[in-house]
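>>> All I have is the shape, not the residue letters:
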């Protein structure tokens, strides 16, 4: 049985076994296999000598390089911070006016600010900071709380309606749901408010504007002001400009007045170091209005 | 159905009914005990499955007993059913793959606002569908065939192989339906929960015993190398599965369980499992397949018996250490990482020795590779095996891994292995095996095999190249700093940069899926033609083309 046959193609002898027609040749293992195995083992051996590898009872072999991934990453982070400190200390030390007057520094700040903004802020405000329904367009500069760098920084740090103790707090009351205004009155004031920013009146709205003006004077001026230009102390929006946080069509404005609104901005001071907040402030302040 | 049942003795039919009854009671208990929990729904799946099968067994219960002459033949019914299941799972698993790939390219494709339709739930249906559904059924079906032929022994009985095959598919169905309901252990490739895991252990032990019992009955003095690979696959997968799935259920009535391990120990256990699943499920088992069907189809002796044996032990020994390369630069102690890296490098040698042994076996048969798409499938599989094992060892090197890890490069690497190696060797073997099983000269249409080959090859290449590009771009974007020492790109920037490659990947996957559909049609037509021939309807409308193949038995 165990007598091999000669294979005509290779000239090799088979092992003499046969399984349902399959035979195996007695080809010796090619030298190249041992060569590669040796090379791979040498490579492994070098790794073992240089790097921490083998577990010992209480410790492990440390390797000749004294390489330790925790120490390495700590060193790298420190080194990176040191490299950045060339300009980050300037950002921390200088005032907003000084920084913005320094184009070279502003270049570094906005470059960094863009990545930071997209990673932290774009989820709500959008990649181009143009916002969306319920999330302010930061490039439009229609500031609810003020557009000075110091004010922006404060907003980022403590948030709006956030969990921070000093949070900015703001609420549009639910005039309809809470029974302060009747539906007709709401329709009147909606017509009036829409007319303030020159929106084309919806059907039948023209007649309501006068009555709405009175409703507005009685209910809305406390926050939005007599001239409806808003009040940055309480985050009340300017109703005369072209920016509409929750939409400008009759239905959207009606819903705003009927059910109220209360947006939310996290207090980033709890998550970001002061440097990052300052960079974000400068970035947001530097944004140019995007052409619609 | 009746024909399949009639292959079993009456005693075996009774055992089958008892097992199915017990199973349906377990299903009922799960449905009752798990009400208000997703486990209840899983119970109904088990119940419907086992009751349905019980009816099928009862339908054939009064069929005449198989006569004694059956013992002079191999028992191939489970292999045949296994082949059909393999093809079904291939189409389903790959279709879900194209679906999730499309979701990545066009997230708005989530057309129903339902949790089950979300990427996170569909993805494991794809991975388990192709690895366990397609790959696992292919391994079981071919292992039964190879085992009997290379042992010259019939399977020891007619019940156990059915228990293994059907029980395994019950595991797959419970797993896949559970994912859609949100049941998962959150362990990659080990998502099924504790009850499914326990069931798989039972099935797997029976599988291993079946293998040993058949080998013990062998008429050959030596055990052919393919059986070594199949046995390593069964044995090691059992060990991996049991250890990684050690967990404590919240209660008997809850699907949820908590792993015995936590933190970095859990991660290390998971990737020891995960990488060895690649090794022993997706490599060792399919090498067993290759060592039978490739020499058989080529009509050539194995290039080197010694090479196949040292490769076997090399793969078995080195793979066990390599899992930690999945956790480079993590909380895992660095010495474990160095071990994983160095053993991954040495692993390349036996891997390439196996691929080389396969390709050198084709010496003297390269003209067949040119003319026969079936053999070409197997040849390309061996080439992709070599390529992806090289890539794997390369990616295990820590500095390389710092670029490739967490990127699509990993996804590309996995698919170079899964599409190029695992699926190609499976399709090649199926095309060889189907005509042998259904007693025909060739597949219904050799031309469709050719079509499938080119679809599969094109799909694999498009997929892998797309993911190489995507992965390396991702890796570079995540480590590019600007003048100020800050990351130059936000994460979103890298997501946007992936879009064209995700479209290309979905297209590559679609090509591969189309090939699988072509295969399914061809297998279906072959089976139908065989049945018609058996009924004596061999007509002129059946193209029987003499191919370059040898008879299997």
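Noted; the coordinates are in hand. It should be emphasised that the depicted structure is a prediction, and the values quoted were computed from it without experimental measurement.

>>> need the strands for chain A, in chain order.
According to DSSP state E, chain A carries its strands in the segments A:14-19, A:22-25.

>>> Let me see the mean pLDDT of the shortest one.
Right, strand A:22-25. Confidence over strand A:22-25 (mean pLDDT, whole number) is 94.

>>> Mind listing residues that contact it?
A:5, A:7, A:10, A:12-15, A:17, B:150, B:224-225, B:292, B:295-296, B:301-305, B:308 (Cβ atoms under 8 Å, 6 or more residues apart in numbering or on different chains). Using the backbone N, CA and C atoms, a C-beta is placed for each residue, glycine as well.

>>> do stretch B:220-238 as well
Everything outside stretch B:220-238 that qualifies as a contact, by Cβ under 8 Å, 6+ apart, is A:1, A:17, A:19, A:22, A:24, B:139, B:143, B:146-147, B:150-152, B:201, B:204-205, B:207-208, B:211, B:215, B:276-277, B:279-281, B:284-285, B:287-289, B:291-292, B:302, B:305, B:308-309, B:312, B:316.

>>> so what's whichever residue of the stretch 51-200 of chain A sits closest to chain B up against?
With Cβ to the nearest Cβ as the measure, residue A:118 is the residue of the stretch 51-200 of chain A nearest to chain B, at 3.5 Å. For residue A:118, the contacting residues are A:127, B:490-493, by Cβ under 8 Å, 6+ apart.

>>> How about residue A:220?
The contact partners of residue A:220, by Cβ under 8 Å, 6+ apart, come to A:189, A:228.

>>> same thing but at 7 Å, please
Shown in contact with residue A:220 (Cβ atoms under 7 Å, 6 or more residues apart in numbering or on different chains): no residues.

>>> Residue 91: what's it in contact with?
Since no chain was named, I'll use chain A. With Cβ under 7 Å, 6+ apart, residue A:91 has these contacts: A:99, A:109, A:275, A:278-279.

>>> that's the wrong chain, I meant chain B
Each residue near residue B:91 by Cβ under 7 Å, 6+ apart is listed here: B:516-517, B:520.

>>> quick one: which of those residues has the most company?
Among those, the one with the most neighbours (other Cβ atoms under 10 Å in any protein chain shown) is residue B:516, at 25 neighbours.

>>> helix or strand for the residue lying closest to residue B:457 once chain neighbours are set aside, which one?
Spatially, and ignoring its direct neighbours in sequence, residue B:457 is nearest to residue B:380 (6.3 Å; Cβ to Cβ, 6 or more residues apart in numbering or on different chains). In the assignment (DSSP states H and E), residue B:380 maps to helix B:373-395.

>>> So how do I select the buried members of the contacts of stretch B:220-238 in PyMOL?
A single PyMOL command suffices to select whichever of those are buried according to 16 or more other Cβ atoms under 10 Å in any protein chain shown:
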select buried, (chain A and resi 17+19+22+24) or (chain B and resi 139+143+146+147+150+151+204+207+208+211+215+276+277+279+280+281+284+285+287+288+289+291+292+302+305+308+312+316)
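
>>> Any buried residues in stretch B:325-345, and which?
Under 16+ other Cβ under 10 Å, the buried positions of stretch B:325-345 are B:325-328, B:330, B:332-345.

>>> nope, stretch B:267-280 is what I was after
Going by 16+ other Cβ under 10 Å, stretch B:267-280 has these buried residues: B:267-280.

>>> where's the residue nearest the centre of chain A relative to residue A:277, distance?
Here the mean C-alpha position of chain A is nearest to the C-alpha of residue A:120 (Cα atoms, centre = their mean), at a distance of 2.4 Å. Note on residue A:120: its distance to residue A:277, by Cβ to Cβ, to the nearest Å, is 10 Å.

>>> Equivalent analysis for residue B:191, please.
In this structure, residue B:191 and residue A:277 are 41 Å apart, going by Cβ to Cβ.

>>> what does residue B:377 give?
The span separating residue B:377 from residue A:277 equals 60 Å under the rule Cβ to Cβ.

>>> same thing with residue B:81?
From residue B:81 over to residue A:277 the distance is 65 Å, taken as Cβ to Cβ.

>>> my read: residue B:354 touches residue B:287, true?
Yes - because the distance of 6.0 Å satisfies Cβ atoms under 7 Å, residue B:354 is recorded as touching residue B:287.

>>> Run a quick neighbour tally on residue 46.
Let's take chain A. 12.

>>> ah, no, chain B please
Other residues near residue B:46 number 24, with proximity taken as other Cβ under 10 Å.

>>> Please determine how far it is located from residue B:412.
Remark: distance between residue B:46 and residue B:412 (Cβ to Cβ) = 37 Å.

>>> ok, now residue A:88?
In this structure, residue A:88 lies at 38 Å from residue B:412, with Cβ to Cβ as the measure.

>>> of the two, who's got more company?
More neighbours sit around residue B:412 than around the other of residue A:88 and residue B:412, counting by other Cβ under 10 Å; the figures are 25 against 22.

>>> Name the single longest helix found in chain A.
Across chain A, the longest stretch assigned as helix under DSSP state H is helix A:69-93.

>>> what comes up buried for that one?
Of the residues in helix A:69-93, those buried under the neighbour-count criterion (16+ other Cβ under 10 Å) are A:69, A:84, A:87-88, A:90-91.

>>> Identify the farthest-apart pair in those.
Of all pairs drawn from the buried residues of helix A:69-93, the one with the longest distance (Cβ to Cβ) is A:69 and A:90, at 32.7 Å.

>>> mind giving me the domain ranges of the chain?
No chain in the question, so chain A it is. A:1-67, A:70-167+A:265-286, A:183-259 (automatic domain parsing).

>>> oops, I was thinking of chain B
If you go by automatic domain parsing, the domain ranges for chain B are B:1-65, B:66-550.

>>> Need the ones you listed in JSON lines (columns: distance to residue A:55).
Below are the domains of chain B laid out as JSON lines (distance: least, Cβ to Cβ, whole Å):
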{"stretch": "domain B:1-65", "distance to residue A:55": "40"}
{"stretch": "domain B:66-550", "distance to residue A:55": "6"}
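
>>> looking at those domains, which is closest to residue A:38?
Nearest to residue A:38, of all these, is domain B:66-550, at 9.2 Å by Cβ to Cβ.

>>> Run the chain-centre distance for the closest one.
If you compare the mean C-alpha spot of domain B:66-550 with that of the full chain, they lie 3 Å apart, counting by Cα atoms, centre = their mean, to the nearest Å.

>>> for stretch A:40-55, same thing?
Between the mean C-alpha point of stretch A:40-55 and the mean C-alpha point of its chain there is a distance of 42 Å (Cα atoms, centre = their mean).

>>> Can you list the buried residues in it?
Taking 16+ other Cβ under 10 Å as the criterion, stretch A:40-55 shows A:40, A:44, A:47-48, A:51-53 as buried.

>>> ok, which of those residues also contact chain B?
The residues of these that also fall near chain B, by Cβ under 7 Å from any Cβ of the partner chain, are A:40, A:44, A:47-48, A:51-53.

>>> mind listing the helices in the stretch 351-500 of chain B by residue range?
Listed in chain order, the helices found in the stretch 351-500 of chain B under DSSP state H, counting those that start in this stretch are B:366-371, B:373-395, B:398-404, B:408-415, B:424-437, B:446-477, B:491-534.

>>> Find the residue closest to the residue of the stretch 51-200 of chain A closest to chain B in space, skipping its chain neighbours.
residue B:490 (3.5 Å).

>>> show me what contacts that neighbour?
With contacts taken as Cβ under 7 Å, 6+ apart, residue B:490 has the following neighbours: A:115, A:118-119.

>>> picking that back up, what's the closest of the domains of chain A to residue B:423?
domain A:1-67 (23.3 Å).

>>> that older thread, pull out whichever of the buried residues of stretch B:325-345 are also neighbours of chain A.
When Cβ under 7 Å from any Cβ is applied, the members of those adjacent to chain A are B:334-335, B:338-339, B:341-342, B:345.

>>> want to throw the residues you listed into a markdown table with secondary structure and pLDDT?
Formatted as a markdown table, these follow (DSSP: H, G, I helix; E, B strand; the rest coil; pLDDT from 0 to 100):
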| residue | secondary structure | pLDDT |
| --- | --- | --- |
| B:334 | helix | 94 |
| B:335 | helix | 95 |
| B:338 | helix | 96 |
| B:339 | helix | 96 |
| B:341 | helix | 97 |
| B:342 | helix | 97 |
| B:345 | helix | 97 |
